[in-house]
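Colleague: Could you look at this predicted model? Sequence included:
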Amino acid sequence: MPEIELKDVVKAVDDINTAFEAMKAANEERLAEIEKKGEGDPLLADKISRMEADLAKASEIADAAALAVKRQSRVVTDAKGEAIDLDQKALDWARMNAKRHGSDVREYTAADLDQYKTAFDRYLRKDDRVLSADEAKALSVGSDPDGGYLVHPDMSGRITARIYETSPVRAYASVQVISTDALEGVIDNDEISSGWVNETEARAVTDTPEVGTWRIPVHEMYAKPQATQKLLDDASINIEQWLSGKVADHFARKENTAFVTGSGVGQPRGFMTYDDWTTAGTFEHGKIEQFDTGVSGDFAAAPNGLDTLITALYALKMQYRQNATWFMNRSTLGAARLEKDSNGAYVWAPGAVGQPSTFFGYPVADFEDMADIAASSLSIAVGDLRAAYQIVDRVGIRTLRDPYSNKPYVQFYTTKRVGGDVINFEALKIIKFIN
């Protein structure tokens, strides 16, 4: 993802404010036409549509800057705020690989990792059969019984960083890296009971709370970019960067869709796939409460058209509401920008430099995998996604070089294991466009 310059962000924010004011004026004119003549001027509607397109374009730059700020806030440093020791980083990686094969590594330095990186690049270009004895020895730490090799930490980090930048779900959800095939945790939704007693009154046994567990398995995701052997022999490009870019772009699209709408069968389960609570206001584990707009495929009419969204927002418990974000795609956001509260004020507001736009005073995140507004669509969610949704990464990305399946091309079969699911069904609410 190209770096965004500050001057471009400042200009985008200015453009958003200017365009939004102009769009509000045009929309007011359109509403006056409807009230006066019973229908709006098609030319005004077309004008508003063009303004919305310009606003969306500027918003992409501003939102990217806000996401970059959010990403930087999650960079992990050690207890002293210093960079992680490179030798320790290399040793941790080597031990992780060795553990996969039932062995251990006592010593492994950054210099050893540099040798691995050099050998890995040669493996990508030439195959391991032409490696020197020293290169083969250096590469053996990441060897796999199926003939693949684990991507070294720097390349793995580049892939993960690009996925993070491209896939906004990771910026808002909770992310945990594991070395097993699943992450497990405890469900504690039960309450004890208690009572008041006099000094000498008998004490009856009260209810004991029960706990359960949740389990999120990791699922395998793959990419298989290819290049001719001639290109690999002669190319002056950085093969690692080329491969990491291809893999990251593919994985990001697959992940993002799965985290939102995934079935949970052979892939993560998306947070928009759960059923509604059976009884409104009565918590039900395994379901997410939904709120109907009152109109199929649209917001309800003014002046109370947004009451449902306000109800959903304040149905969140305080600890979730204070960290709440609105989630919707750009098409839905375009419609939401034109909505007003009961006092006639627009509820969407542009953000400042490095800050997201807001809806009812809460930040808005662009999740393009969410549904457009349509009859009975689930198009808006609000809540604390970090409390609600857990992403699980299986440590390590593996690459298998295949020069045989599609000659004269060499295919790079790269796999990553990731899971995701809702773990807190109170921290998120969904808006359904239905009467």
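Modeller: Sure, I can see it. Residues are numbered from 1 along each chain as shown.

Colleague: Just the pLDDT at the nearest residue to residue 109 once chain neighbours are set aside, thanks.
Modeller: Once flanking residues are discounted, residue 109 sits nearest to residue 87: 4.9 Å by CB to CB, 6 or more residues apart in numbering. (Glycine included, C-beta is placed from N, CA and C.) Per-residue confidence (pLDDT) for residue 87: 81.

Colleague: what about residue 87, which helix or strand?
Modeller: Element membership of residue 87 [criterion: DSSP states H and E] is helix 86-100.

Colleague: Give me the neighbour count for residue 213.
Modeller: 8 (other CB atoms under 10 Å).

Colleague: for residue 344, helix, strand, or coil?
Modeller: coil (DSSP: H, G, I helix; E, B strand; the rest coil).

Colleague: Hmm, it is touching residue 306, no?
Modeller: No. Applying CB atoms under 8 Å as the test, residue 344 and residue 306 come out as separate, 11.7 Å apart.

Colleague: wait, doesn't the residue nearest to residue 109 sit right on residue 112?
Modeller: No. Under the criterion of CB under 8 Å, residue 87 makes no contact with residue 112, lying 9.1 Å away.

Colleague: what's near enough to touch residue 339?
Modeller: 299, 302, 305-306, 346-348 (CB atoms under 8 Å, 6 or more residues apart in numbering).

Colleague: for these, which one is nearest residue 97?
Modeller: The closest of the contacts of residue 339 to residue 97 turns out to be residue 348 (CB to CB; 49.0 Å).

Colleague: So what pairs up with that closest one in the strands?
Modeller: residue 359 (DSSP bridges).

Colleague: For it, grab the count of nearby residues.
Modeller: Residue 348, neighbours per other CB under 10 Å, totals 19.

Colleague: do residue 14 as well
Modeller: 14.

Colleague: And for residue 34?
Modeller: Neighbour tally, residue 34, other CB under 10 Å: 13.

Colleague: Just confirm it contacts residue 41, I think it does.
Modeller: No. Using CB under 8 Å, residue 34 is not in contact with residue 41; the gap is 9.1 Å.

Colleague: OK, contacts around the residue nearest to residue 290 when sequence neighbours are not counted?
Modeller: Excluding the flanking residues, the one nearest residue 290 by CB to CB, 6+ apart is residue 276, at 4.1 Å. Residue 276 sits next to 287-290, 430, 432 when contact means CB under 8 Å, 6+ apart.

Colleague: Make sure residue 227 is actually in contact with residue 409.
Modeller: Yes. If you go by CB under 8 Å, residue 227 and residue 409 touch, sitting 6.6 Å apart.

Colleague: Specify which residue of the two has the higher count of neighbours.
Modeller: Between residue 227 and residue 409, residue 227 has the larger neighbour count (other CB under 10 Å), namely 20 against 16.

Colleague: Can you pull the phi/psi pair for the more buried one?
Modeller: For residue 227, the backbone dihedrals are phi -150, psi 160 (criterion: degrees, to the nearest 10).
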